[in-house]
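Peer 1: Take this sequence and fold it.
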Amino acid sequence: MLKKLSRLTLLSALSASSLSALADANSSKTLAPIDNPIVLKRADPWLVRDEKSGCYTFIGSSPKFDEIELRQACRLNDLKLAEPKVIWQKRDKGPMSVNIWAPELHQINGSWYIYFAAGDIEKPFSIRMYALKNDSADPMQGEWQEMGQVTSHLDSFSLDATSFTHKGKRYMIWAQQNQPATYNSALWLAEMDSPTSIKEPIIAITEPTLDWEVQGYKVNEGAAVITHGDKIFVTYSASATDHRYAMGLLWADVNADLLDPASWHKKAEPVFTTNAELGRFGPGHNSFVKAEDGVTDLMIYHSRDYKELKGTPLTDPNRHARARIITWDKNGFPVFSSERAD
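Peer 2: Next comes the predicted model:
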């Protein structure tokens with residue numbers, strides 16, 4: 001009888017251990033369950049949380065790449081139910097007339113800015129970076145003004161501008177092709193001298209050189225910044241935007257000179273990838289935001305739930321926005337738990 005009880009106890013312990021290992025990445029004792037996807041058919045998701053109200057404003061690529069819209073909700077799970085508001089539409093011709101990609105929303109000096117990429121309908125992949133501005137306290141209100149092109153040191157394929165502050169300075173990271181066009185895009189960094197312009201020096205902080213970064217296309221893009229402890233982290237996405245799309249990680253010490261290329265370190269392996277068993281294909285182009293408790297870190301990203309595309313990576317609209325809890329290891333690095341569902 002004792003042997004039987006011991007065996008049952010052992011099996012119970014093993015079962016509990018197995019269940020713990022397979023637990024959902026979003027398992028939490030303090031947060032409401034996250035109802036993924038949080039928004040359907042919105043790639044390149046970017047989420048802003050108002051610190052006073054706790055409410056969220058969501059922005060992402062519209063599936064037809066022809067307009068920019070915002071939506072708001074005070075609960076993460078209500079974003080998919082929120083009524084989107086179109087705040088800008090593409091031009092009929094010339095710059096900003098096609099391929100409206102990856103808009104991001106930032107509040108800078110009391111005004112709202114949206115950075116986005118767009119092409120010319122006569123040359124659809126002449127992608128460049130642009131900005132909109134709104135002086136309203138609420139980005140869903142007021143008028144959005146075109147602020148023109150956000151230029152860099154090169155006149156080449158460029159996209160995915162993001163902005164962050166560190167030690168009193170504002171920086172921009174963006175993706176751009178080099179002058180010899182030996183790759184599709186690398187990530188570049190510069191200090192900003194206004195919300196829509198940068199200044200020298202300009203450095204590359206990562207180029208697509210690793211095997212997992214050059215599948216289909218040689219791409220480093222979609223940067224997102226999060227600071228934790230004594231490090232500043234940059235996630236990015238690489239390769240073609242099908243099931244081979246994956247996320248990588250850069251970091252620098254918080255006291256380092258961010259404009260010194262030697263300050264930046266790069267993880268050799270991807271940190272978040274396709275997992276067919278979990279129905280996750282081509283995850284990437286993420287942002288970071290606090291959960292409803294104002295404390296827990298969330299990663300907002302897109303992925304498809306199948307491998308075989310319905311058309312091309314651009315015409316298949318089913319990249320859905322998802323949220324997952326990010327934890328931190330004993331060395332202060334983010335834990336993405338790619339083997340776990342959300």
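
Peer 1: Could you chop this structure up by domain?
Peer 2: Segmentation of the chain into domains, based on the TED database, reads 45-149, 150-341.

Peer 1: Just put those in a markdown table and tack on distance to residue 34, mean pLDDT and mean neighbour count.
Peer 2: Where C-beta positions appear, they are placed from N, C-alpha and C, glycine not excepted. Converted to a markdown table, these look like this (distance: least, CB to CB, whole Å; pLDDT from 0 to 100; neighbours: other CB atoms under 10 Å):
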| stretch | distance to residue 34 | mean pLDDT | mean neighbour count |
| --- | --- | --- | --- |
| domain 45-149 | 6 | 98 | 17 |
| domain 150-341 | 5 | 98 | 18 |
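
Peer 1: Select, out of those, the one closest to residue 37.
Peer 2: domain 150-341 (3.6 Å; CB to CB).

Peer 1: circling back: which one, of the domains of the chain, ends up nearest to residue 27?
Peer 2: Here domain 150-341 is closest among the domains of the chain (CB to CB), at 8.1 Å.

Peer 1: How far does that closest one stretch from one end to the other?
Peer 2: 38 Å (CA to CA, to the nearest Å).

Peer 1: Please name the bridge partners of residue 166.
Peer 2: residue 169 (DSSP bridges).

Peer 1: other SSEs contacting the helix or strand that contains residue 190?
Peer 2: Assigned by DSSP states H and E, residue 190 falls within strand 186-194. Where contact means 3 or more CB pairs under 8 Å, 6 or more residues apart in numbering; DSSP states H and E, strand 186-194 is packed against strand 169-176, strand 197-206, strand 220-228.

Peer 1: can you do 10 Å?
Peer 2: Packing partners of strand 186-194 (3 or more CB pairs under 10 Å, 6 or more residues apart in numbering; DSSP states H and E): strand 158-166, strand 169-176, strand 197-206, strand 220-228, strand 231-238, strand 246-253.

Peer 1: and residue 327, which of those is closest to it?
Peer 2: Of those, nearest to residue 327 by CB to CB is strand 220-228, at 10.6 Å.

Peer 1: Nearest residue to the most centrally placed residue in the chain in space, please, no chain neighbours.
Peer 2: The structure's the chain has its C-alpha centroid closest to residue 286; by CA atoms, centre = their mean the separation is 2.0 Å. Nearest in space to residue 286, with sequence neighbours left out and distances taken as CB to CB, 6 or more residues apart in numbering, is residue 301 at 3.9 Å.

Peer 1: from memory that neighbour sits against residue 321, does it?
Peer 2: Yes. Between residue 301 and residue 321 there is a contact under CB atoms under 10 Å: 7.5 Å.

Peer 1: can you list residues touching both of these two?
Peer 2: 43-45, 285-287 (CB atoms under 10 Å, 6 or more residues apart in numbering).

Peer 1: Output the residues you listed in TSV; the columns should cover distance to residue 296 and secondary structure.
Peer 2: Converted to TSV, the shared contacts of residue 301 and residue 321 look like this (distance: CB to CB, whole Å; DSSP: H, G, I helix; E, B strand; the rest coil):
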residue	distance to residue 296	secondary structure
43	24	strand
44	23	strand
45	18	strand
285	21	strand
286	16	strand
287	15	strand
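
Peer 1: In a markdown table: these, plus distance to residue 310.
Peer 2: Formatted as a markdown table, the shared contacts of residue 301 and residue 321 follow (distance: CB to CB, whole Å):
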| residue | distance to residue 310 |
| --- | --- |
| 43 | 14 |
| 44 | 19 |
| 45 | 20 |
| 285 | 19 |
| 286 | 23 |
| 287 | 26 |
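
Peer 1: coming back round to it: residue 93: which of the helices and strands packed on strand 186-194 is closest?
Peer 2: strand 158-166 (20.4 Å).

Peer 1: So which elements touch the closest one?
Peer 2: Using 3+ CB pairs under 10 Å, 6+ apart: strand 158-166 touches strand 43-49, strand 98-108, strand 111-120, strand 123-134, strand 169-176, strand 186-194, strand 220-228, strand 231-238.

Peer 1: and the ones you listed as TSV, adding distance to residue 200?
Peer 2: Converted to TSV, the helices and strands packed on strand 158-166 look like this (distance: least, CB to CB, whole Å):
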stretch	distance to residue 200
strand 43-49	27
strand 98-108	21
strand 111-120	20
strand 123-134	17
strand 169-176	13
strand 186-194	7
strand 220-228	19
strand 231-238	20
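
Peer 1: Nearest to residue 146, out of those?
Peer 2: That would be strand 123-134 among those, by CB to CB, at 6.1 Å.

Peer 1: what pairs with that closest one, and is each one parallel or antiparallel?
Peer 2: strand 111-120 (antiparallel), strand 145-149 (antiparallel).

Peer 1: Just the strands from the stretch 201-342 of the chain, written as ranges.
Peer 2: Remark: strands assigned in the stretch 201-342 of the chain by DSSP state E, counting those that start in this stretch are 220-228, 231-238, 246-253, 265-266, 281-290, 297-304, 320-328, 334-335.
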